[in-house]
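Trainee: mind folding the following:
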Amino acid sequence: MENKNYVVVEQGEKYEYNSIEEIIKSILGNDYYELSDKEKYEKIKLRTFINAKVKKLPIIDLEQEDEITFLLSLIKNNDIVVFEKESNKKLTKNIDTTNLRKVSGEYIVVNDCIDQILKDKISKNI
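Mentor: Now for the predicted structure:
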């Protein structure tokens, strides 16, 4: 692991990022944050439908979905594994990480606590 805040592993390939926004851009396109809200929604909707169809998963109502929820769903479905530097704690900010598995002594395995992260995210959107 390097000194980046995030390490993402997808299909055996390792990618390093400084921010969640960089991860989102790598998944949804470098222009994602310049798109209109409608274009962002359409891009997320398309990627969600494609992922659900490939994995033969049910498609849920997407009206509350944003790029963070989309990222969390990729983690939940184990499409990607995300390691977050403990000193950075954005995704795991509301989680007690004391007893969670850590890699290289400083990276939290976000997949290990994804259910709690999603629960917190969903409860804040309601």
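Trainee: buried residues in the longest helix belonging to the chain?
Mentor: Across the chain, the longest stretch assigned as helix under DSSP state H is helix 37-55. The neighbour-count check on helix 37-55 (16 or more other CB atoms under 10 Å) flags K40, K43, I44, R47, T48, N51 as buried. From N, CA and C alone the C-beta is placed, and that goes for glycine too.
Trainee: redo those as TSV? Include distance to N99 and pLDDT.
Mentor: Converted to TSV, the buried residues of helix 37-55 look like this (distance: CB to CB, whole Å; pLDDT from 0 to 100):
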residue	distance to N99	pLDDT
K40	36	94
K43	37	93
I44	33	92
R47	33	89
T48	32	85
N51	31	80
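Trainee: dump those to CSV, plus distance to K76.
Mentor: What follows is these, written out as CSV (distance: CB to CB, whole Å):
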residue, distance to K76
K40, 20
K43, 19
I44, 15
R47, 15
T48, 12
N51, 11
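Trainee: what lies in contact with stretch 46-66?
Mentor: Contacting residues not belonging to stretch 46-66 are listed as I27, L28, K40, Y41, I44, K45, F70, S73, L74, N77, D79, N125 [CB atoms under 8 Å, 6 or more residues apart in numbering].
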